[in-house]
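[1] Sequence first, predicted coordinates after that:
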Amino acid sequence: MSNSNMGYDAADSSDPSISAVPRPAAASAQDAVPARDTVPARDAVPARDAVPAQDGAAAQGAGSPAVADTAANRKSERRRRRLARFELPLLIAIAIAIAIVLKTFVVQPFYIPSQSMEQTLHGCPGCTGDRILVFKPVYQVRDPHPGDVVVFRAPQDWDALAGVELSANPVMRSVQWFGQLVGVVPPSEKDLVKRVIAIGGQTVRCCDSNGNVEISDNGAEGPWRSLNEPYIFENSSWSKPKSPGARGADDTRSFGPVTVPAGRLWVMGDHRSDSADSRYHCGDTSGGKACDPMNSTVGNDDVIGKAVVIAWPPSRWRTLGTPATFTSLGVPSWGGSPAEPAAAAMLLTAGIGGWRRRRRRR
């Protein structure tokens, strides 16, 4: 045995034919552990090859309720943020639209610029002019009654009492328009506020032995009913006559009798000595001429609405009812229409609703 091993070793070095055959021991050792042949084994599980499996799991998990809810929440949050950018401008536009509708058909605020209704309505120089709310629908169901404080468009012959002219500047014009909308700027048209003293078919004159205005339902022959008007703002130019039927030297109030035409109103300011009212527009009454009943009165169709409340300043908040002197003549204190108490209820409800909304936002 030893010889044959030795012969093999020898043949490996001396015999060319035998040397061409690789040695068995060395060949089997190299084939058993080839270093480079292990690469395919490692390539069988590459790190990158795991990505499709992970993507598949993610795709499978995307349909789960938790992931779907998260995506929906993100989408809802984005939508909420987009809407928030438009919320304030939209609310402003809606508020202006509502104000225009209310002003046109229901309630309109008015600014008192003159002292013709002192002390009932303040408009005196140096004081805070009152802002009043005028209820419009009431005169859609009935005519004005004596004692009502009304806002009306001045007749054409009363053109000396012009309103505020709007500015030519577009910005200032917009500001003025909005101020008129909310009642802090006088209107551009000739809108006036007075008290209804007599209506169509009644006859009015001044004065009785106590200096009071008188009303008759049966023409100039009477009988006459005297008005007790404690709300009148007295001064020297509205002094009582020195004797029954006599006119004082500085007294300018005597007029009539004037029969009011049908569909028209005799109106007077509570500040009788500083009001360009029906008595002022009687025309030339010198030499015993009669007062012009058409020029001195206001048409029912020109009445915008009934003043129901002083809205500003807060220190003067109060309703404008009918004086007792008119209710004693059979005129209901609310004018005989359920619409006026409804207006007060509507205003109160609107105020409470606005307060509750502001509270919820806090």
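    That came through fine. The model shown is predicted, which means the values in this text are computed figures rather than measured ones.

[2] CA atoms for contacts and neighbours, from now on please.
    Fine.

[3] Just checking: what are the partner strands of the helix or strand hosting residue 198?
    Residue 198 belongs to strand 191-199 when assigned by DSSP states H and E. Under the criterion DSSP bridges, strand 191-199 sits next to strand 149-153 (antiparallel), strand 264-268 (antiparallel) in its sheet.

[4] From the rest of the structure, what touches the last one?
    Strand 264-268 has contacts (C-alpha atoms under 8 Å, 6 or more residues apart in numbering) with 194-200, 260, 275, 277-279, 296-300.

[5] again, only this time at 7 Å
    Contacts made with strand 264-268 from outside it, assessed by C-alpha atoms under 7 Å, 6 or more residues apart in numbering, are listed as 194-200, 260, 277-278, 297-300.

[6] can you check the first one too?
    The contact list for strand 149-153, computed with C-alpha under 7 Å, 6+ apart, reads 190-196, 302-307.

[7] Residue 196: how many residues sit nearby?
    Residue 196 sits with 20 neighbouring residues when counted by other C-alpha atoms under 10 Å.

[8] Check the one 5 residues further on too.
    Each residue near residue 201 was counted by other C-alpha under 10 Å, and the total is 17.

[9] May I have the phi/psi pair for it?
    Main-chain torsions, residue 201, degrees, to the nearest 10: phi 100, psi -20.

[10] ditto for residue 216
    With angles defined as degrees, to the nearest 10, residue 216 sits at phi -130, psi 140.

[11] May I have the secondary structure class of residue 117?
    Per DSSP: H, G, I helix; E, B strand; the rest coil, the secondary structure class of residue 117 is coil.

[12] And it, how close does it get to residue 296?
    To residue 296, residue 117 is 18 Å away according to C-alpha to C-alpha, to the nearest Å.

[13] Provide a list of residue ranges in the protein with pLDDT below threshold.
    Applying pLDDT under 70 to the chain flags residues 1-68, 159-166, 182-184, 186-189, 235-253, 328-362.

[14] And the strands in it?
    Taking DSSP state E to define them, one finds strands in the chain at 107-111, 131-135, 149-153, 191-199, 203-206, 213-216, 225-226, 255-259, 264-268, 298-299, 303-312, 318-319.

[15] Just send those strands back as JSON lines, with distance to residue 95 too.
    Formatted as JSON lines, those follow (distance: least, C-alpha to C-alpha, whole Å):
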{"stretch": "strand 107-111", "distance to residue 95": "15"}
{"stretch": "strand 131-135", "distance to residue 95": "18"}
{"stretch": "strand 149-153", "distance to residue 95": "25"}
{"stretch": "strand 191-199", "distance to residue 95": "25"}
{"stretch": "strand 203-206", "distance to residue 95": "45"}
{"stretch": "strand 213-216", "distance to residue 95": "45"}
{"stretch": "strand 225-226", "distance to residue 95": "47"}
{"stretch": "strand 255-259", "distance to residue 95": "46"}
{"stretch": "strand 264-268", "distance to residue 95": "35"}
{"stretch": "strand 298-299", "distance to residue 95": "33"}
{"stretch": "strand 303-312", "distance to residue 95": "19"}
{"stretch": "strand 318-319", "distance to residue 95": "25"}
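
[16] Give me the PyMOL select line for the contacts of strand 149-153, limited to the buried ones.
    This is how PyMOL selects the buried members of the contacts of strand 149-153, with burial counted by 16 or more other C-alpha atoms under 10 Å:
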select buried, resi 190+191+192+193+194+195+196+303+304+305+306+307
